[in-house]
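> below is the structure, and that's it, no one-letter string:
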């Protein structure tokens, strides 16, 4: 069985951030699986600064998780 999230380990912080964004996007798709509804709602939150800040906070939380899983990339030069 193939999983969409085989690991939280990434080579670099940038890859870790990209993974954090993916985690956030997948959470939205799992919460609202109907793509048509997501598309309908997008213009509403795209103009809402509070919603945009909240989505940034979700990504930051996921990034903190990925960073911890990667030992904060302490061996990156």
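Okay, I see it. Quick caveat, the model's predicted, so the values are computed rather than measured. Residues are numbered from 1 along each chain as shown.

> strands of the chain, start to end?
Taking DSSP state E, the chain contains no strands at all.

> mind checking which helix or strand of it has the lowest mean pLDDT?
Every helix and strand of the chain was ranked by mean pLDDT, DSSP states H and E. The lowest is helix 35-46, at a mean of 95.

> which elements pack onto that one?
If you count contacts as 3 or more C-beta pairs under 8 Å, 6 or more residues apart in numbering; DSSP states H and E, helix 35-46 packs onto helix 49-69. Heads up, the C-betas are built off the backbone N, CA and C, glycines and all.

> buried residues of the helix it packs on, list them for me.
Neighbour-count burial for helix 49-69 flags 55, 58, 59, 62, 63, 66, 67 (criterion: 16 or more other C-beta atoms under 10 Å).

> okay, the angle between that helix and helix 35-46?
Orientation check (axes from the mean of the first three to the mean of the last three C-alpha atoms, to 10 degrees): helix 49-69 against helix 35-46 gives 110 degrees.

> what's the model's confidence in helix 49-69, averaged?
For helix 49-69, mean pLDDT is 97.

> kindly report the same for stretch 15-24.
On average, stretch 15-24 scores 98.

> tell me the buried residues in it?
By 16+ other C-beta under 10 Å, the buried positions in stretch 15-24 come out as 16, 17, 19, 20, 23, 24.
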